[in-house]
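Asker: what's the 3D shape of this:
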Amino acid sequence: MKKFLALSLIGSSLLIGSNPAKADYDVFGYQYSGSSTTGNYIYGINTSTGARTLLTTRRFSDNSINGQPYISTNTGEIVFNTGTGSDKYEAYNWETNTWRFVTIQDPTETVQGDLNMVQRPTAAGGPSDGSIVLSNDGDNELIRVKDNEITAGGDSSATLIKKNTDGTIQLGTDTNDIDVVADGLNIDGAAVITKNTDGSIQLGADGNDIDVVADGLNIDGTAVITKNADGTIQIGTDENDIDITSEGLAIDGEPLITKKANGELHIGKNSWITKEENGRQKVYAKDAAGNPIPIDYTNGTKLLINGRDVEQSINNVGALSAALTGLPTVPTDTTLACGLGTGTHGGDFAFSGGCASKVNDKLSINYAASMTMPGQDYAGDFEDTFSARAGFVWKLGKATKPTQISMKDKKVMETKIESLEKKNKAILSKNQKLENKLSILMARLEKIEKIALVESKSKNLAVYKHK
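Answerer: Numbering: from 1, shown residues only. Next up is the predicted model:
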């Protein structure tokens, strides 16, 4: 009789409530196939359309079911009490289409009759106060929804969301909450976002707030960002502001960066200008009247091109050239002449070395190199500090020697000069002897004159006395 009742129960269609999991069905059902080999059919049923979907078949132990199956609120499985006795259960996971056996432990108490299983309330419903409880395992409460409040963890004081009697929405507990009020948002009772009666949006309390007004943004009542009537954006107050215009950026009314309609980019009032044109980036400057003016890099700022100091490079060129000019180009008295030189320009120094070679009377070649002093900043690579030259001199036309003599003629001339010098010395010696003799004669003559003068005076005195 018991087996017959079980078969009768299996023979009737039984619907088991379930949360919708698939679009094809929202509840489950099982029905005996009429075959002890096949056992039972397990269906997914769509209560809206009445369509049933065969999920699987199952021949239970003893081909019987005791009591009604239920759905585990923890795993979502359909659990059947099967076989003789009440300690054997078979659970069907309809998501993975798998089965497993569940054995209930024997009780330690003295009991009679079969174990009757009672399904725990599903994810929603159950508490006597009419609230809805959401749980992940049928035991630990996660969220409770009741009246105008949602709480967490089963603790009515742990408020998540609450609608207060004044119509405000409270997020969190009273001491640590966010309130959505009629005119904005408060945190712990202090205004954070407020829509004022004039339509402006206020962030923060009155003494320390940011206001989003119709024409911009204010901080503590002072304009920070303003959209003017002419469409410009003003940052700051009128006396100390930055203006974003259709052409660029201005500070206190003076242009800072301006892009003209012709593509020129101006920096400053009396502008430094740059413009891309014909594949080149042009750079120049103009004064307030639009006249070209020089660009002067001062106060120690260096102008570099490819990492090289332009001013220093110019000075180096002058120093290198000056150093090369001190070297021979055409030898005169010899067939080969070499030399060293140095030069300076603008405070930079260079040294050089080179030679000149006379191949014949008409052809001469020369070669030389110069280098700047090491240790310069931004001087570039080695080739930027090095200079060299090479050349030749080819005499054209008939050679003339108006002032030049050969080495042989030179030696003859030098011999004659030495001979003349010796003769000149002999003549000078003779002249010196004559001068000495003349001096002796002159001294003697002076003595004779003195004697004659004395005698003349004596005769004149004697004659005078005689008279």
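Asker: where in the stretch 101-250 of the chain is pLDDT low?
Answerer: Within the stretch 101-250 of the chain, the segments meeting pLDDT under 70 span 119-141, 153-157.
Asker: now with 50?
Answerer: 123-125 (pLDDT under 50).
Asker: Tell me where the stretch 151-300 of the chain has helices.
Answerer: Read by DSSP state H, counting those that start in this stretch, the stretch 151-300 of the chain holds no helices at all.
Asker: List the contacts of Gly199.
Answerer: Ala214 (Cβ atoms under 8 Å, 6 or more residues apart in numbering). Every residue, glycine included, has its C-beta placed from N, CA and C.
Asker: scratch that, Thr274 is what I was asking about
Answerer: Contacts of Thr274 by Cβ under 8 Å, 6+ apart are Glu264, Leu265, Ile267, Gln281, Lys282, Val283.
Asker: Give me the distance between the residue lying closest to the fifth one once chain neighbours are set aside and Gln281.
Answerer: This points to Lys282. Leaving aside its sequence neighbours, Lys282 sits nearest to Lys275 (Cβ to Cβ, 6 or more residues apart in numbering; 4.9 Å). Going from Lys275 to Gln281 by Cβ to Cβ, to the nearest Å gives 7 Å.
Asker: Just want to know which of these two has more residues nearby.
Answerer: Lys275 (16 against 9; other Cβ atoms under 10 Å).
Asker: Tell me which residues touch that one, please.
Answerer: For Lys275, the contacting residues are Asn262, Gly263, Glu264, Leu265, Gln281, Lys282, by Cβ under 8 Å, 6+ apart.
Asker: Quick check on those: which are buried?
Answerer: The neighbour-count test (16 or more other Cβ atoms under 10 Å) applied to the contacts of Lys275 identifies Glu264, Leu265 as buried.
Asker: Dump the contacts of Lys275 to TSV, plus pLDDT and distance to Phe392.
Answerer: Below are the contacts of Lys275 laid out as TSV (pLDDT from 0 to 100; distance: Cβ to Cβ, whole Å):
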residue	pLDDT	distance to Phe392
Asn262	80	54
Gly263	78	53
Glu264	79	52
Leu265	79	52
Gln281	86	43
Lys282	87	43
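Asker: I'd like the contacts of Lys275 laid out as CSV, including distance to Gly248.
Answerer: Formatted as CSV, the contacts of Lys275 follow (distance: Cβ to Cβ, whole Å):
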residue, distance to Gly248
Asn262, 14
Gly263, 13
Glu264, 11
Leu265, 8
Gln281, 18
Lys282, 18
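Asker: Can you tell me the closest non-neighbouring residue to Leu320?
Answerer: Computed as Cβ to Cβ, 6+ apart, the closest residue to Leu320 that is not its neighbour in sequence is Ser387, at 4.0 Å.
Asker: so who does the one you found touch?
Answerer: So Ser387 contacts Val317, Leu320, Ser321, Leu324, Ala350, Ala369, Ser370, Met371 (Cβ under 8 Å, 6+ apart).
Asker: For those residues, which two are the farthest from each other?
Answerer: Val317 and Ala369 (14.5 Å; Cβ to Cβ).
Asker: Which stretches in the stretch 351-467 of the chain count as strands?
Answerer: Here the stretch 351-467 of the chain has its strands, by DSSP state E, counting those that start in this stretch, at 363-372, 386-394.
Asker: Deepest-packed of these, please.
Answerer: Mean neighbour count (mean count of other Cβ atoms under 10 Å) peaks for strand 363-372 among the strands of the stretch 351-467 of the chain, with a mean of 20.
Asker: tilt between that one and strand 386-394?
Answerer: 170 degrees (axes from the mean of the first three to the mean of the last three Cα atoms, to 10 degrees).
Asker: Parallel or antiparallel, which strands does strand 363-372 pair with?
Answerer: strand 348-358 (antiparallel), strand 386-394 (antiparallel) (DSSP bridges).
Asker: can you put those strands in CSV and add mean pLDDT?
Answerer: Formatted as CSV, these follow (pLDDT from 0 to 100):
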stretch, mean pLDDT
strand 348-358, 89
strand 386-394, 87
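Asker: Export the ones you listed as TSV, with columns for distance to Ile143.
Answerer: Putting the strands paired with strand 363-372 into TSV (distance: least, Cβ to Cβ, whole Å) gives the following:
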stretch	distance to Ile143
strand 348-358	82
strand 386-394	83
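Asker: can you tell which of these is closest to Gln31?
Answerer: Among those, strand 386-394 sits nearest to Gln31 (Cβ to Cβ), with 102.3 Å.
Asker: Convert the C-alpha atoms of that closest one to CSV, please.
Answerer: Taking Å, rounded to 0.1, in the frame of the first residue of the first chain, the C-alpha atoms of strand 386-394 are listed here in CSV:
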residue,chain,number,x,y,z
PHE,A,386,87.8,71.1,-35.8
SER,A,387,88.7,73.0,-38.9
ALA,A,388,91.2,72.2,-41.7
ARG,A,389,92.4,73.6,-45.0
ALA,A,390,94.6,72.5,-47.9
GLY,A,391,95.5,74.3,-51.1
PHE,A,392,98.2,74.9,-53.8
VAL,A,393,99.7,78.0,-55.5
TRP,A,394,100.5,77.8,-59.2
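Asker: so how far is that strand from its chain's centroid?
Answerer: Centre-to-centre, strand 386-394 and its host chain are 49 Å apart (Cα atoms, centre = their mean, to the nearest Å).
Asker: just the contacts of Ser387: which has the poorest pLDDT?
Answerer: On pLDDT alone, Leu324 ranks lowest of the contacts of Ser387, at 83.
Asker: Look up phi and psi at that one.
Answerer: Per-residue torsions, Leu324: phi -70, psi -30 (degrees, to the nearest 10).
Asker: Ok, which of the strands of the stretch 351-467 of the chain comes nearest Ser33?
Answerer: Of the strands of the stretch 351-467 of the chain, nearest to Ser33 by Cβ to Cβ is strand 386-394, at 102.7 Å.
Asker: Tell me where the model's unsure across the stretch 301-450 of the chain.
Answerer: In the stretch 301-450 of the chain, no residues with pLDDT under 50.
Asker: Helices of that one, start to end?
Answerer: Ranges of helices in the stretch 301-450 of the chain, per DSSP H, counting those that start in this stretch, are 310-325, 407-466.
Asker: Deepest-packed of the ones you listed, please.
Answerer: Ranked by mean neighbour count under mean count of other Cβ under 10 Å, the helices of the stretch 301-450 of the chain are led by helix 310-325, which reaches a mean of 19.
Asker: name the helices or strands packed onto it?
Answerer: Counting contacts by 3 or more Cβ pairs under 8 Å, 6 or more residues apart in numbering; DSSP states H and E, helix 310-325 packs against strand 336-345, strand 348-358, strand 363-372, strand 386-394.
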